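In: when you get a sec, could you give me coordinates for this:
(chains A and B)
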Amino acid sequence: MTEEQATNAVLAHAAREGRSLCWYCKTEVGDEPACGNCVKIQPLGRNSDYFSVMGLPRKLDIDPRVLEPVYHALSRRFHPDMYRLATQRERMIALENSAVLNQAYRTLRDPFDRAAYLIQLEQGRGTEVPASPPQELFEEILEVQELLGEYRFAEPDEQAELRPQLEQQRARLQAEQDGRADALTGDLFRRWDAAIEAQAPAEQRAPLLAEMRRIIGERAYLRRVLNSLKEALG
Amino acid sequence: MSKIPLPLAGAHLHREPRVVGIDLGTTNSLVGTMRDGTATVIRDAEGDALVPSVVYFAEDGQVVVGKAAKEHQFEHPERTVYSVKRLMGRGLEDAADERANLPYRLSDEYREVVRIRIGDRLYTPPEVSAQILRELKRRAEEHLGEPVEQAVITVPAYFNDSQRQATRDAGRIAGLEVLRIVNEPTAACLAYGLDRRREGMVAVYDLGGGTFDISILKLRDGIFEVQATNGDTHLGGDDMDRVLADRLMEELKERFPQADPGDPELMERVRDAAERAKRQLTDGEEADVIVPVGSEAFTRIVTREEFERLIEPIVERTLEPCRQALADAGLTAQEIDEVVLVGGSTRVPLVRRRVGEVFGKQPHSELNPDEVVALGAAVQAGILSGQVEGFLLLDVNPLSLGIETYGGTVEKLIPRNSTIPTSARQMFTTGVDGQTAFDIHVVQGEREMAGDNRSLARFQIHVPPMPAGWPKLEVTFLVDENGILNVAAYEHRSEAEASIEVRPSYGLTDDEVERMVIESFEHAEEDIRARQLIEARVEADQVLLHTQKQLPVAAEFVRAGDLTQKEYDRIKAAIAALKEAVGGEDHERIRQRIEDLDLSARKLAQMIMDQAVGEMLRGRSVEEEPVKE
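Out: Numbers count the residues shown, from 1 in each chain, chains lettered A, B, ... in the order given. Next comes the predicted model:
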């Protein structure tokens, strides 16, 4: 067994016991990005989520002006450029940590990606939110799609006639879309954060997640319709 | 184990190896370095920093790079390779459009990586680029007075994985460890930002000889964060030359029906005339075109207005990527604080005007647009070697990365404009009992169907035989800080790393690169040997001329009894032996014979010297002595 394999075996054993050790000096380490004993860079654990990577609680109301400096500081800490003269292993850890950090920032800086990620995190993997049509707008959407079909194959003068109707529908759907954005990032985010602060049990938080899930799914669906409207109308 | 004590004083003398920054351009290349905290480009004796990216392969095996190679462009167009960057990382099929415009030939036999045919030898684009890199390395070493083994090399931001790999391979073949591949517009921004320590949103519009990039960066706290990038790897000043050259050639054909428009030399002359006219039109309103045709000449005046009409579609093609990059960054043109122009083609007035209109502000170009990328590369080299502190580049991958699904569609793993490094994980399992291999086809691009995107590589991953659906194969796709993909696979049931075979679609395998590295060393030896032979021959010729002139004098000495016949014969034999050696290829043999002759004629030389001194003392110059041939 090589030294590296032996080290890996020790680390894997500790991991099964729910502990993590420094890959270099084998001192127990927590969530810190560097070992407290030998100051070597530590891999961001496979189980740590994007919120913990950024040192944040699982709250949704995140100010981008707060997030950016955190991201920059951690980038300076992990970016491979900073480990040019380090050992191969440290460089590899830096590369992987950097990759996780970049994905974390990309996900958390967008409120919808952030909420979708939280749903996955809370309800387990494989719960990607599917696009689904909003029930109450079902009729309108059907009508829009019919009109769009007509519009695409119409002569220029007929198109000019159909256009105002479509523009009107577009404005209405866009308003619906914006309303959903406000509902999600306003009221729902606040209620979720309050639940986290109050350490509410999972079953009390579940309805909030379900509500977010519905809105995100509907937004995805509406975006598709709006995109095809944009394609046709410009 | 015994330990050898280190002398303490010497232990701290370890010096950081020098890292240089290289802009490996389509038309020109440059090398830069950090000196006293400032980035500078390295210039030759005439003050030129630009090394034309032209390589001439002489029939005798000699390789000439740069200005000297450019001189062969007309006489030996089929042995002079330019714009090789356009062929980097490309297969024969996707090089088809380039092919028609190149006077040198491509081999039809190799599909995945094009080969350039020079006489009976084939060269891959990385091998040709390596010649340019070697020249830059030599320049840097001469300038710095120390060996240079590590470099940062820039590439167009819109280069795909194969093009980046090819650039890295070129470095390896040239004997350079490529510490980092940096995107050109990002490098340019680094040169600007460092200079003035600005904050804000910067758009870098980079139109070079053969490539176009637009990058939008956010500068804050010394961090250069690319927000979005877009571009076209086959759009540049060359295309402007081409549309004008096509127009000129048409008219030339009309006026000189006997001229052959397919003649490589004529093509070269017309292209050259077009390029000159473009340059003249930067400041002038009119340009004179003169192309020799046989004993006559084709002459014409090109106005700026006409030129602008011709190139307008090319300039327009750069604007859509600008709009797309803005949209991807979630910004409007009004939110851009500064626009920076990079690349020689941004000297074209129409380009400046249109860019100014699109972004609604005057673009600036205080730094030389030809040199700014190399300066930025030097800064990044300084960051990596620890000479420059406090700055960090966060770049993005220009194209989405995905895998081909069962139905031939693409499943996107990493969207374009993701900050790198970045990674994606995907779980796989088997569909058949005992299946031991998975084929994963990775593609790069934005299209829905795998076939419409660029194939990057096929990875074959091996797992131990298990019942169908049992293996839990986790595949990690990691794009590193250079924008290059790395793939790793872990099988959870057997708790083992799975072995992966990579078949790059358009790149060289590691073995091939390794072979080229070795070959280049062999050639380097050949080159040295060729030079040594030439030097030895030149010296031998001088020695022979000199001694032969002295033979009549020697005969006099023999007659006078001052030199024996045997000594005289030995000199004549040594002359004959040296003449024989000069006809051969062995420079060491020539050197040996030169020494032999020198030894044989030493007494004679001494006598001539003594005689000359005697003559001088008598007030006569030895030069007045008539010498019989």
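
In: and residue B:289, how many residues sit next to it?
Out: The tally of other residues near residue B:289 (other C-beta atoms under 10 Å in any protein chain shown) stands at 21. C-betas here are computed from N, CA, C, even on glycine.

In: wait, a helix at it?
Out: No. Secondary structure of residue B:289 (DSSP: H, G, I helix; E, B strand; the rest coil): strand, not part of a helix.

In: residue of the stretch 201-350 of chain B nearest chain A, please.
Out: residue B:223 (5.1 Å; C-beta to the nearest C-beta).

In: okay, now that residue: neighbour count?
Out: Neighbourhood size, residue B:223 [other C-beta under 10 Å]: 22.

In: give me phi/psi at it?
Out: Backbone torsions of residue B:223, given as degrees, to the nearest 10, read phi -100, psi 130.

In: contacts only, for it.
Out: Each residue near residue B:223 by C-beta atoms under 8 Å, 6 or more residues apart in numbering or on different chains is listed here: A:72, A:75, A:76, B:391, B:392, B:394.

In: can you tell me how far the third one sits from residue B:393?
Out: Read that as residue A:76. Using C-beta to C-beta, to the nearest Å, one obtains 12 Å as the distance from residue A:76 to residue B:393.

In: these two: which is more packed in?
Out: Ranked by neighbour count (other C-beta under 10 Å), residue A:76 and residue B:393 place residue B:393 first, with 25 against 16.

In: measure the residue lying farthest from the centre of chain A to chain B for me?
Out: In chain A, the residue that sits farthest from the middle, by C-alpha atoms, centre = their mean, is residue A:157; the gap is 45.2 Å. Separation of residue A:157 from chain B (C-beta to the nearest C-beta, to the nearest Å): 30 Å.

In: the host helix or strand of that residue: what's the following helix or strand?
Out: Using DSSP states H and E, residue A:157 sits in helix A:156-183. Using DSSP H and E, the next helix or strand after helix A:156-183 towards the C-terminus is helix A:189-197.

In: dump that next one to PDB, keeping only the CA atoms.
Out: Only the C-alpha atoms of helix A:189-197 are listed here, as PDB (Å, rounded to 0.1, in the frame of the first residue of the first chain):
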ATOM      1  CA  PHE A 189     -38.700  34.100   1.300                       C
ATOM      2  CA  ARG A 190     -39.600  36.000   4.500                       C
ATOM      3  CA  ARG A 191     -41.800  33.300   5.800                       C
ATOM      4  CA  TRP A 192     -39.200  30.600   5.200                       C
ATOM      5  CA  ASP A 193     -36.500  32.700   6.900                       C
ATOM      6  CA  ALA A 194     -38.700  33.300   9.900                       C
ATOM      7  CA  ALA A 195     -39.400  29.500  10.100                       C
ATOM      8  CA  ILE A 196     -35.600  28.800  10.100                       C
ATOM      9  CA  GLU A 197     -35.000  31.400  12.800                       C
END
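
In: quick one: average confidence on it?
Out: Helix A:189-197 carries an average pLDDT of 92.

In: ok, now stretch B:330-339?
Out: 93.

In: does chain A sit close to that stretch?
Out: No. Legend: contact between stretch B:330-339 and chain A by C-beta under 8 Å from any C-beta of the partner chain is lacking; minimum distance shown is 9.6 Å.

In: outside of that stretch, which residues touch it?
Out: Counting by C-beta under 8 Å, 6+ apart, B:198, B:200-205, B:216, B:227, B:326, B:355-356, B:358-364 sit against stretch B:330-339.

In: and it, how far out from the chain's middle?
Out: Its chain's C-alpha centre and that of stretch B:330-339 lie 33 Å apart, by C-alpha atoms, centre = their mean, to the nearest Å.

In: start to end distance for it?
Out: 17 Å (C-alpha to C-alpha, to the nearest Å).

In: get me the contact residues on chain A for chain B.
Out: Counting by C-beta under 8 Å from any C-beta, the residues of chain A near chain B are A:68-69, A:72, A:75-76, A:79-82, A:84-85, A:95-96, A:98-100, A:102-103, A:105-106.

In: PyMOL command to pick out the buried ones of these?
Out: Command for PyMOL that selects the buried part of those, burial taken from 16 or more other C-beta atoms under 10 Å in any protein chain shown:
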select buried, chain A and resi 68+72+75+76+79+80+81+82+84+95+96+98+99+100+102+103+105+106
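
In: name the single longest helix found in the chain.
Out: No chain in the question, so chain A it is. helix A:202-233 (DSSP state H).

In: wrong one, I was asking about chain B
Out: Max-length helix for chain B by DSSP H is helix B:510-560.

In: gap between stretch A:207-224 and the chain center?
Out: With C-alpha atoms, centre = their mean, you get 14 Å for stretch A:207-224.

In: what of stretch B:479-499?
Out: Using C-alpha atoms, centre = their mean, the offset of stretch B:479-499 from its chain centre is 31 Å.

In: wait, residue B:50 sits on residue B:370?
Out: Yes. Between residue B:50 and residue B:370 there is a contact at 6.1 Å, judged by C-beta atoms under 8 Å.

In: any residues in contact with both of the two?
Out: In contact with both residue B:50 and residue B:370: B:28, B:30, using C-beta under 8 Å, 6+ apart.

In: which strands and helices sit next to the helix holding residue A:157?
Out: helix A:138-153, helix A:202-233 (3 or more C-beta pairs under 8 Å, 6 or more residues apart in numbering or on different chains; DSSP states H and E).

In: flag every buried residue along that helix.
Out: A:159, A:162, A:166, A:169, A:170, A:173, A:176, A:177, A:180.

In: check the offset of that helix from the chain's centre.
Out: On C-alpha atoms, centre = their mean, the centre of helix A:156-183 falls 29 Å from that of its chain.

In: average model confidence for that helix?
Out: If you average the pLDDT values across helix A:156-183, you get 86.

In: what about residue B:147, which SS state?
Out: Going by three-state DSSP: residue B:147 is coil.

In: for it, grab phi and psi.
Out: Per degrees, to the nearest 10, the backbone of residue B:147 is at phi -70, psi 140.

In: same thing with the one 3 residues further on?
Out: Taking degrees, to the nearest 10, you get phi -130, psi 140 for the backbone angles of residue B:150.

In: ditto for residue B:421
Out: Given degrees, to the nearest 10, the pair of backbone angles that residue B:421 has is phi -60, psi 150.

In: so is stretch B:168-175 next to chain A?
Out: No. Judged by C-beta under 8 Å from any C-beta, stretch B:168-175 stays clear of chain A, getting no closer than 15.1 Å.

In: mind listing what's buried along the longest helix of chain A?
Out: Here helix A:202-233 shows A:205, A:208-209, A:211-219, A:221-222, A:225-226, A:229, A:232 as buried, counting by 16+ other C-beta under 10 Å.

In: residue A:122 is in contact with residue A:205, isn't it?
Out: Yes. Counting by C-beta under 8 Å, residue A:122 touches residue A:205, with 7.2 Å between them.

In: would you state the strands of the stretch 1-150 of chain B in chain order?
Out: In the stretch 1-150 of chain B, the segments counted as strands under DSSP state E, counting those that start in this stretch are B:19-24, B:28-35, B:38-41, B:51-52, B:54-57, B:63-65, B:80-82, B:105-106, B:116-118, B:121-123, B:150-155.

In: now, of those strands, which is deepest in the fold?
Out: Burial of the strands of the stretch 1-150 of chain B is given as mean neighbour count (mean count of other C-beta atoms under 10 Å in any protein chain shown); strand B:19-24 ranks first at a mean of 30.
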